[in-house]
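Q: sequence plus the predicted model coming up.
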Amino acid sequence: MSVHVLQSKRGASCVCALCARTLDLNILISRKVPMVRNVKALTVSSYLSMFFLGFMSTLIGAAARNIGLTPFQIGLMLAFQNVGFVVSVSVSGALADMREKPRLLFWGTLAVIMGLVVFYLTDTLTFYLLAMLLLGAGIGTYEGVTDAMLIDLHTGRESLHISVNHFFVTFGSIAITAYMIFLQMNWRNAIIQAAAVVSVLAIFFALARLEVRNVHNNSYRERVVILGREPIILILFACIMLAVGVETGFIGVLTTFLMELRGFDQVTSKIGLLVFLFGIVTGRLLVGFLTAQQRIPQVILGLMGLAVIVYSILFTVDLGDFVYMLIYVAGFSLSALLPMMLSAAGLLYREMSGTVLGLVKIAIPLGSIVLPLVMGLVANHSSFQGSLLIFPAAFTIAFLLMLLIQPRMRLVARPS
């Protein structure tokens, strides 16, 4: 028997043992076991969940070449992950208004562990697809529940914690990329180690407790109908889709843009990507810390206006090495849009924050698919340079939509 098979079996037995212990702990919940109700611990667990969301979302992209996947297989696997994500984020968001959020996060974490175990054990596409479906369902639960949990935990400082929460998504994406380089692309080691760490998170959620503050009397269908009639929700959905689409598309084409249209080489173009990610990271933290809750609508509008200007100049003017500065501002202007719009949605409909966040977050995978697809179509029928103008056009549309609902977006600060 080969060393690889022996390592796989040993690693699998460790992960399966962790899964079994996690399930046993969940069974003990109904017995006299000390429960975790610490606000700081729950907040940190939310941040860690979003870290692993970023980790899992980037896993296939970071390890695809080492696994030996074809472009078709990568696309199919990401599609299955998105299906699991969309279903899970909407269902878990709705349940977050009626069930204890840590318990929902436990089951989501268990789905992540199962997905990692399946991914580790298999070498066939069918089981890879099952693993991606489970991973999508797990991270969809993180996306659907954690922001709503932070709204319950931090009255008066919700937007700050949601911004930090989404900072950890970017941090997780950067971490898996760097970690795969450190492991010399040994993706199986990365997966088995991630499963072990996530199992600890599952144990925490099994022991954690947070009372349900807002039990909505209406059924899920009635809540969806109510929210579907709200122009604010529809416009926030569209703006989230546009913002996420720009982020995904820009990351995908930035190095190509710098090399083909600005004369950069492999190294200097990748520096541009790091500068952009640094702009996102610092922007989410700074804007989150400095923005008063009642000023969120104005900050969203201001960042969108800044993005229109920056992305327009970036793709029409050759700035030489000064382009790095503009790339940083491009990342900064984009950085806080998603967490700020999510904060606005959750705070405007606080009594059913789980449902509304679950619904508007469906725009995240849609934006990641639709805008890059439109870019590809424009590039095929026009030019690469022409397709880049979709970015400032998307922000212009989002800016005008947000301008329409500004008078109705009145967020009143609550005492913490």
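A: Yes, it's here.

Q: distance of the closest residue to Ile235 other than its chain neighbours from Ala345?
A: In space, and not counting its chain neighbours, Ile235 is closest to Leu401: 4.8 Å by Cβ to Cβ, 6 or more residues apart in numbering. To be clear about C-beta, it is placed using only N, CA and C from the backbone, and glycine gets the same treatment. Using Cβ to Cβ, to the nearest Å, Leu401 is found at 14 Å from Ala345.

Q: the more surrounded of the two?
A: Legend: neighbour count by other Cβ atoms under 10 Å for Leu401 and Ala345, higher for Ala345 (24 against 17).

Q: need phi/psi at the residue nearest to Ile235.
A: The phi/psi pair for Leu401 (degrees, to the nearest 10) reads phi -70, psi -40.

Q: same deal with Ala208?
A: Here is the backbone geometry of Ala208 (degrees, to the nearest 10): phi -80, psi 150.

Q: tell me the domain ranges of the chain?
A: By the assignment in automatic domain parsing, the chain contains the domains 13-27+35-207, 220-405.

Q: circling back: show the pLDDT at the residue nearest to Ile235.
A: Leu401 is assigned 96 on the pLDDT scale.

Q: could we number from 659 for the rest of this?
A: Done: numbering now begins at 659, and the last item shifts to Leu1059.

Q: quick one, what contacts it?
A: Ile893, Ala896, Cys897 (Cβ atoms under 8 Å, 6 or more residues apart in numbering).

Q: of all the domains of the chain, which lies closest to Leu1069?
A: Among these, domain 878-1063 comes nearest to Leu1069, with 5.1 Å by Cβ to Cβ.

Q: my guess is His824 contacts Met998. True?
A: No: the pair His824 / Met998 is not scored as a contact, 9.6 Å apart, by Cβ atoms under 8 Å.

Q: just the contacts of Leu1059: which are in helices?
A: Of these, the ones assigned to helices by DSSP state H are Ile893, Ala896, Cys897.

Q: tally of neighbours for Pro889?
A: Neighbours of Pro889 (other Cβ under 10 Å): 11.

Q: got the confidence number for the closest residue to it other than its chain neighbours?
A: Nearest in space to Pro889, with sequence neighbours left out and distances taken as Cβ to Cβ, 6+ apart, is Ile1063 at 6.4 Å. pLDDT for Ile1063: 91.

Q: host element of Ile1063?
A: Assigned by DSSP states H and E, Ile1063 belongs to helix 1048-1063.

Q: buried sites along that helix?
A: By neighbour count with 16 or more other Cβ atoms under 10 Å, helix 1048-1063 contains the buried residues Ile1048, Phe1049, Pro1050, Ala1051, Ala1052, Phe1053, Thr1054, Ala1056, Phe1057, Leu1059, Met1060, Ile1063.

Q: who touches Leu727 in this structure?
A: Ile718, Met735.

Q: of the contacts of Leu1059, closest to Leu865?
A: Among the contacts of Leu1059, and counting by Cβ to Cβ, the member closest to Leu865 is Cys897, at 38.0 Å.

Q: now do the closest one against Leu1000, distance only.
A: 11 Å.

Q: shared neighbours of these two, anything?
A: With Cβ under 8 Å, 6+ apart applied, the contact sets of Cys897 and Leu1000 do not overlap.

Q: centre of the chain to stretch 887-905, how far?
A: The chain centroid and the centroid of stretch 887-905 are separated by 15 Å, computed with Cα atoms, centre = their mean, to the nearest Å.

Q: before we move on, what about stretch 854-861?
A: The answer for stretch 854-861 is 19 Å, by Cα atoms, centre = their mean.

Q: with just CA atoms, put it into PDB.
A: What follows is stretch 854-861 as a C-alpha-only set of coordinates in PDB (Å, rounded to 0.1, in the frame of the first residue of the first chain):
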ATOM      1  CA  ALA A 854      -9.200  19.800  12.800                       C
ATOM      2  CA  VAL A 855      -9.400  23.500  13.500                       C
ATOM      3  CA  VAL A 856     -13.000  23.800  12.300                       C
ATOM      4  CA  SER A 857     -13.900  20.900  14.600                       C
ATOM      5  CA  VAL A 858     -12.900  23.000  17.600                       C
ATOM      6  CA  LEU A 859     -15.200  25.700  16.300                       C
ATOM      7  CA  ALA A 860     -18.000  23.200  16.100                       C
ATOM      8  CA  ILE A 861     -17.400  22.200  19.700                       C
END
